[in-house]
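**Q** sequence and predicted structure, then a few things I'm wondering about:
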Amino acid sequence: MPSSFSLLRRSSSLLLRFLSSKTLNPKSSNPFSPLIIRTSTIRSLYRGSSEQRWYCSSPSSVAQVEEPTTSDGLTLEGIASKGWTILDEGESDWRSHAAAIAQSVQLIKKRLQESMRALADMRKNAKEKELEALLSRDNDSCSCFIEIQAGAGGTESMDWASMIFNMYKSWALRRGFGVTVIEEIPGEIAGIKRATIKVDGEYAFGYAKSEVGVHRLVRISPFDSSKRRHTSFAAVAVIPMLGGDTSNQYQIKESDLKIERFRAGGPGGQHANTTDSAVRIVHIPTGTTATCQNERSQHQNKASAMAVLQSRLNQLEMARQAQVNAEHTQSLSEIGWGTQIRSYILHPYRMVKDLRTNYEVYDPDSVLDGDIDGFILNYLSALLDKEDGV
């Protein structure tokens with residue numbers, strides 16, 4: 001039995017000979033005539049077993065491709081299953097040549113399928129690593145509030161705000177997030193003036209933060225009897241929800257504290273200036289200090305100092321969170337021309353385009369049904385490249 005290497009080399013030379021030869025005459029004495037194989041048939045067998053594999057998106061779809069056949073109805077698997085003996089290269093039995101080619105193609109198909117599975121695993125791992133990098137900022141893992149507010153355009157914009165509102169609810173449900181309507185103020189005629197939804201789930205804020213900004217709609221107005229084209233605006237703000245009680249109370253770590261004990265000063269009782277009862281606590285990361293020396297017991301002074309330190313750190317945390325919220329709600333200050341991040345065009349053509357990344361989709365209906373992951377991932381990727389200086 002010839003080796004695998006010689007088998008592949010032999011089948012390659014046979015294929016080249018077939019592809020370069022003229023059409024075979026069935027009535028000639030050529031040893032390949034019983035197959036009634038023509039050059040176009042061999043070419044289709046060879047191309048069909050390779051090209052169809054390169055353009056399949058997954059190994060599972062390979063089985064769905066129709067297998068090419070010869071003029072006698074033989075497939076590659078059919079030839080291989082007959083178990084024809086593969087002779088040495090010097091002998092010229094057509095069954096031996098056909099079996100050699102069939103086994104070689106089967107070997108190539110097997111290697112291609114293995115390579116495709118390995119490539120799919122690599123793409124999956126790369127995607128997971130990329131998502132970890134995209135969602136690595138502070139508060140990205142938190143849940144969030146999404147606020148929608150109608151802008152310039154009157155009833156048109158209120159209706160557009162309602163469409164945006166439904167789009168984000170559908171998107172959140174698609175991703176498996178919990179959705180709760182916190183606030184919804186209806187418009188006088190249609191739509192909403194303002195609405196707020198709570199999106200619960202891991203990395204909800206990390207994804208939704210890419211939607212902060214003004215969204216613009218161009219369409220034939222359903223509220224205009226003259227069927228004129230109108231432009232509407234709606235603003236979106238995203239606010240992170242810090243986990244647990246952190247939004248109201250700063251979590252203090254013992255390792256971040258420096259506790260100093262000293263003697264109390266000033267007037268007092270007989271123990272006031274004779275023991276180290278006064279306590280000063282320094283929060284090292286922020287430099288915040290709290291001191292208490294009014295109590296007679298060191299433990300009481302420490303508890304009182306901790307209460308003062310906690311209040312001061314709570315105030316700092318509230319100020320920090322207010323600054324974060326301001327960054328993610330700045331889009332609500334001005335809603336109109338020149339401030340939009342994305343355009344939804346329904347007339348005279350149909351397209352949705354993100355003006356920050358130039359990412360485009362030509363199926364606005366799917367986008368308005370909540371299929372916005374493409375816009376989100378492209379923006380996060382562009383943001384990561386900008387941070388890396390790419």
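**A** Perfect, thanks for sending it.
**Q** strands of the stretch 151-300 of the chain, start to end?
**A** For the stretch 151-300 of the chain, the strands defined by DSSP state E, counting those that start in this stretch cover 178-186, 192-200, 213-220, 229-241, 257-262, 278-283, 288-292.
**Q** out of those, which gets nearest to residue 139?
**A** Ranking those by distance to residue 139, with Cβ to Cβ as the measure, places strand 229-241 first at 4.0 Å. From N, CA and C alone the C-beta is placed, and that goes for glycine too.
**Q** now residue 135: closest residue in space that isn't a chain neighbour?
**A** Nearest non-adjacent residue to residue 135, counting by Cβ to Cβ, 6 or more residues apart in numbering: residue 206, 3.9 Å away.
**Q** who's in contact with that neighbour?
**A** Counting by Cβ atoms under 8 Å, 6 or more residues apart in numbering, residue 206 touches 134, 135, 137, 139, 140, 141, 142, 380.
**Q** make it 10 Å
**A** Shown in contact with residue 206 (Cβ atoms under 10 Å, 6 or more residues apart in numbering): 131, 134-137, 139-142, 144, 240, 376, 380.
**Q** distance of residue 137 from residue 125?
**A** 22 Å (Cβ to Cβ, to the nearest Å).
**Q** neighbour count for these two, which is higher?
**A** Neighbour totals were compared for residue 137 and residue 125, and residue 137 leads with 14 against 10 (other Cβ atoms under 10 Å).
**Q** residue 320 contacts residue 240, correct?
**A** No: judged on Cβ atoms under 10 Å, residue 320 makes no contact with residue 240 at a distance of 11.6 Å.
**Q** out of these two, which sits in the more crowded spot?
**A** residue 240 (23 against 11).
**Q** ok, that one - contacts?
**A** Residue 240 touches 138-145, 204-206, 208-209, 247, 321, 324-325, 328, counting by Cβ under 10 Å, 6+ apart.
**Q** go again using 6 Å as the cut-off
**A** If you count contacts by Cβ atoms under 6 Å, 6 or more residues apart in numbering, residue 240 has them with 139, 142, 144, 205.
**Q** I figured the third one hits residue 208, correct?
**A** Yes: here residue 144 lies in contact with residue 208, judged by Cβ atoms under 6 Å, at a distance of 5.4 Å.
**Q** what touches both of the two?
**A** In contact with both residue 144 and residue 208: residue 238, using Cβ under 6 Å, 6+ apart.
**Q** right, and residue 292 touches residue 302 too?
**A** No: Residue 292 lies out of contact with residue 302 (Cβ under 6 Å); the separation is 7.5 Å.
**Q** who touches both of those two?
**A** Common neighbours of residue 292 and residue 302 (criterion: Cβ under 6 Å, 6+ apart): residue 279.
**Q** look at the two and report which has more neighbours.
**A** More crowded of residue 292 and residue 302, by other Cβ under 10 Å: residue 292, with 22 against 19.
**Q** what's the distance between the more buried one and residue 312?
**A** To residue 312, residue 292 is 13 Å away according to Cβ to Cβ.
**Q** biggest separation within the contacts of residue 240, which pair?
**A** When those are compared pair by pair using Cβ to Cβ, the maximum separation belongs to 139 and 144, at 8.4 Å.
**Q** please report the distance of the spatially closest residue to residue 341 that is not a sequence neighbour from residue 202.
**A** Leaving aside its sequence neighbours, residue 341 sits nearest to residue 213 (Cβ to Cβ, 6+ apart; 3.4 Å). Residue 213 sits 24 Å away from residue 202, taking Cβ to Cβ as the criterion.
**Q** higher neighbour count, the two?
**A** Between residue 213 and residue 202, residue 213 has the larger neighbour count (other Cβ under 10 Å), namely 20 against 14.
**Q** now do the same contact list for residue 168.
**A** By Cβ under 6 Å, 6+ apart, residue 168 lies in contact with residue 146.
**Q** what about the helices in the stretch 201-350 of the chain?
**A** Using DSSP state H, counting those that start in this stretch, the helices of the stretch 201-350 of the chain run over residues 204-208, 298-329.
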